[in-house]
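Colleague: Give me a 3D structure for the following:
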Amino acid sequence: MTTTQEPHISGTDADAVLRAIEEASSKTFLPIVGPKKGKFLSEEIRKNRPKHVLEVGTLIGYSAILMGKELDDDAELVTIEIHADESELASKNILKAKLPAKVTIIIGNALDVIPTLKGPFDFAFIDAEKTEYLRYLKLAEGKLRKGAVVFADNAGIFADVMSDYLGYVRNSGKYKSRYVQVDNDGVEISVKL
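Modeller: Okay, the predicted model is just below:
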């Protein structure tokens, strides 16, 4: 786990929670972004300094904490989780992490929730049902600022089921997109034009 160059006061709490989740994930499979791909996610947050972040797929809060610890105290992260039990665990983990940013967890299907959200968003992290990535993006697209970053996990191992999404961000002319290989998987990082 790499720490930021200028850690927030809450950094140690957040890092401890992240390490605990990583440890739990090594014992029982948890589909978290993990520290290696997470390093790229943290770098994008630090580089872009978003004020309004959308996350699709909270699970137990790992990526929300990873992003949230890099955000300023006037930033907000809205995260959507379909499973109530996981969102409850995420809420506990996020509280323990003592993040500077405001984090709002919404329980529901992202396909129903995204249309109800107020934008604009400066950053979106997608890590939920792989076959729905393009639908998530299209629902959020009108709420993304020009220059917003869309960070999609599992673009390597699930490239086949995400082919419609990857084709869209790479060829629609609406995004400047790049793929980053990380071990046997990868992430797609797209900037809205």
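Colleague: tell me which element residue 65 is part of?
Modeller: helix 62-68 (DSSP states H and E).
Colleague: Tell me the backbone dihedrals of the residue nearest to residue 70 when sequence neighbours are not counted, please.
Modeller: Among residues not flanking residue 70 along the chain, residue 45 sits closest, at 4.2 Å (CB to CB, 6 or more residues apart in numbering). Heads up, the C-betas are built off the backbone N, CA and C, glycines and all. Residue 45 adopts backbone torsions of phi -70, psi -50, taken as degrees, to the nearest 10.
Colleague: next one: the helix holding residue 65 to chain centre, how far?
Modeller: 7 Å (CA atoms, centre = their mean, to the nearest Å).
Colleague: Tell me which strands the next helix-or-strand element following that helix pairs with, and in which orientation.
Modeller: Going down the chain from helix 62-68, the next helix or strand is strand 76-81, by DSSP H and E. Using DSSP bridges, strand 76-81 pairs in its sheet with strand 52-56 (parallel), strand 102-107 (parallel).
Colleague: Could you give me the buried positions within the last one?
Modeller: Of the residues in strand 102-107, those scored as buried under the neighbour-count criterion (16 or more other CB atoms under 10 Å) are 103, 105, 106, 107.
Colleague: For the third one, name its beta-bridge partners.
Modeller: Listed beta-bridge partners, residue 106: residue 80 (assigned using DSSP bridges).
Colleague: which residues of this protein fall in strands?
Modeller: 52-56, 76-81, 102-107, 121-126, 144-152, 175-182, 185-192 (DSSP state E).
Colleague: what angle separates the shortest one from strand 121-126?
Modeller: In this case it means strand 52-56. 20 degrees (axes from the mean of the first three to the mean of the last three CA atoms, to 10 degrees).
Colleague: orientation of strand 52-56 relative to strand 144-152 in degrees?
Modeller: 40 degrees.
Colleague: Excluding its own residues, what touches strand 52-56? List them.
Modeller: The contact list for strand 52-56 (CB atoms under 8 Å, 6 or more residues apart in numbering) reads 45, 63-64, 67, 71, 75-80, 101, 110, 114, 117, 119-128, 136, 140, 143.
Colleague: repeat that with 7 Å
Modeller: 63-64, 67, 71, 75-80, 110, 120-128, 136, 140 (CB atoms under 7 Å, 6 or more residues apart in numbering).
Colleague: Same check on the longest one?
Modeller: With CB under 7 Å, 6+ apart as the contact definition, strand 144-152 has outside contacts at 41, 44, 48, 119-126, 133, 137, 165, 169, 187-192.
Colleague: do the fourth one as well
Modeller: Contacts of strand 121-126 with the rest of the structure, by CB under 7 Å, 6+ apart, involve 41, 45, 48, 50-57, 63, 67, 133, 136, 140, 143-145, 148-153.
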